[in-house]
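J.: Below: sequence and its predicted model.
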Amino acid sequence: MSSQRELTLCEAIREAYVEEMRRDERVFMLGISIQAGTFPHTKNLCEEFGTHRVVDTPLAETGMAGCAMGAAQEGLRPILDFMYAGFSYFAGSEVFLQMGQYHFLHGSQHPLPIVMVGTCGVGRRVGNEHATLPYGMAIHHPGIKTCMPATPYDAKGLMKAAIRDDNPVLFLWHTNLMMHKGHVPEEDYIIPLGVADIKREGSDVTVLASGLQVHNALRVAEKLKDEISVEVVDARSFEPFDRESLLRSIEKTTRLVIVDEDFERGGFAAEVSAQVMEHGYDLLDAPVRRVCHPNIPVPGGYIDVYTMPTSERIEEAVREVCR
């Protein structure tokens, strides 16, 4: 029988690290300030695994990414922690071109198991580079699997799947969910990459979201429960993306709102909108609505809450498509 214990999202990620590093001695970590445990998901890992498996690096993302790629080519399974996911842009060539295309360019003969980790998300007043969500960039380039958990349960299961995968995986977690608590079983489990999850069933409109925005969507669904029945679908993975689960939901509700904290233009929400129009146009009774960050840099200070998707903006979109 599963334990009913609760962990924070960071504790769940850390537990995945510990279990997988115990299971497979090829797994090691490298990144910025991970020995000191600047974020709780790497706290005290050195005590068990030592500095040869929890490796602090200089603030040099290109070198970090090159080191991780070389280690993976030699049979190791590195976990590369950028601290903030937006810092991955500094290693853009290594991450988005070389890592992602390596498996393809070598005829699928050479696996490249690398997990790239970083926190991101608007609403912490940390400014552009620290808040930027790079999954839109990642899914544009072939070969990089990309995911973001909304709950501690999903965080542990997705991380274990990512570590065991033979392809590069970009694992993002939202800074605002760092201390969010939820049920995590003690038993070993994984959540396959590319499988969405219905966080709340409904019949009038589907809201597709990820990370922090899943919780905003759930708040809207609860608020409107006596007026509009909202089904909340957590994408969990951006690549591979579970289009089939989304289309099944739309077949039931006939309406879709996509909540995407990334920039609106050319982002994940735009891609999903296009796929739904191509594969599910006849299922829709209203145009798809997007709730995204506008096409401006993420502002610093307190004004970032005026640009990010919010429960109020999601509710407005839900009401509009249900008119």
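T.: Perfect, I can see it now.
J.: what residue is smack in the middle of this structure?
T.: With distances taken as Cα atoms, centre = their mean, the residue of the chain nearest its centroid is residue 148 (1.6 Å).
J.: correct me, but that residue touches residue 135?
T.: Yes: if you go by Cβ atoms under 8 Å, residue 148 and residue 135 touch, sitting 6.8 Å apart. Just so you know, the C-beta spots here come from the backbone N, C-alpha and C atoms, and that holds for glycine as well.
J.: what touches both of those two?
T.: 172, 238 (Cβ atoms under 8 Å, 6 or more residues apart in numbering).
J.: All the helices of the protein, residue numbers only.
T.: 9-23, 45-49, 61-73, 92, 100-105, 128-131, 135-140, 152-164, 212-223, 243-253, 268-280, 311-321 (DSSP state H).
J.: Any regions of the stretch 151-300 of the chain where pLDDT drops low?
T.: 300 (pLDDT under 70).
J.: Let's see that with 80 instead.
T.: 296-300 (pLDDT under 80).
J.: And for the stretch 1-150 of the chain?
T.: 1-3, 37, 107-108, 122-131.
J.: can you tell me which residues contact residue 150?
T.: 177, 199, 209, 210, 211, 212, 214, 215, 234, 236 are the contacts of residue 150 under Cβ under 8 Å, 6+ apart.
J.: if we can go back for a sec, to residue 288, which of the helices of the chain lies closest?
T.: Between residue 288 and these, the tightest spacing by Cβ to Cβ is seen for helix 268-280, at 4.8 Å.
J.: Run the chain-centre distance for stretch 22-34.
T.: 20 Å (Cα atoms, centre = their mean, to the nearest Å).
J.: which residues sit against it?
T.: Under Cβ under 8 Å, 6+ apart, the answer for stretch 22-34 is 17, 20-21, 38, 42, 45, 49, 52-57, 59, 64, 67-68, 71, 75-83, 87, 117, 163.
J.: Identify all contacting residues around stretch 241-251.
T.: 139, 194-196, 198, 206, 208, 231, 233, 235-236, 256, 272, 275-276, 279-280, 283-284.
J.: Show me how to select, in PyMOL, the buried members of those.
T.: Here is the PyMOL command that selects the buried residues among the contacts of stretch 241-251 (16 or more other Cβ atoms under 10 Å):
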select buried, resi 139+194+195+196+206+208+231+233+235+236+256+272+276+280+283+284
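J.: correct me, but residue 135 touches residue 144?
T.: No: with contact defined as Cβ under 8 Å, residue 135 does not count as touching residue 144 (9.3 Å).
J.: Identify the contacts common to those two.
T.: Contacts common to residue 135 and residue 144, judged by Cβ under 8 Å, 6+ apart, are 170, 239.
J.: Show me the domain layout of this structure.
T.: Annotated domains of the chain cover 6-183, 197-321 [automatic domain parsing].
J.: Just send the ones you listed back as TSV, with distance to residue 190 too.
T.: Putting those into TSV (distance: least, Cβ to Cβ, whole Å) gives the following:
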stretch	distance to residue 190
domain 6-183	4
domain 197-321	12
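J.: Which stretch among the ones you listed approaches residue 189 most closely?
T.: domain 6-183 (5.5 Å).
J.: Any idea how far that closest one is from the middle of the chain?
T.: Per Cα atoms, centre = their mean, the centroid offset for domain 6-183 relative to its chain is 11 Å.
J.: Quick check: the gap between residue 106 and residue 86.
T.: To residue 86, residue 106 is 29 Å away according to Cβ to Cβ, to the nearest Å.
J.: Tell me which of the two has more neighbours.
T.: For residue 106 versus residue 86, the count of surrounding residues by other Cβ atoms under 10 Å is larger for residue 86: 21 against 12.
J.: Please look at the more buried one and residue 119 and confirm they touch.
T.: No: if you go by Cβ under 8 Å, residue 86 and residue 119 don't touch, sitting 9.4 Å apart.
J.: re the thing from before, so which of the contacts of residue 150 are in strands?
T.: Mapping the contacts of residue 150 onto strands (DSSP state E) picks out 199, 209, 234.
J.: okay but the last one is in contact with residue 154, surely?
T.: Yes: applying Cβ under 8 Å, one finds residue 234 in contact with residue 154, separated by 7.5 Å.
J.: Overlap of the contact sets of these two?
T.: Joint contacts of residue 234 and residue 154 (Cβ under 8 Å, 6+ apart) are residue 197.
J.: neighbour count winner among these two?
T.: With neighbours defined as other Cβ under 10 Å, residue 234 and residue 154 compare such that residue 234 has more, 27 against 23.
J.: Test of understanding: give the bridge partners of that one.
T.: residue 197, residue 209 (DSSP bridges).
J.: Could you check how far it is from residue 210?
T.: Taking Cβ to Cβ, one finds residue 234 at 6 Å from residue 210.
J.: ok, now residue 171?
T.: 13 Å.
J.: Show me which of the ones in strands among the contacts of residue 150 is closest to residue 92.
T.: For those, the nearest to residue 92 is residue 209 (26.8 Å; Cβ to Cβ).
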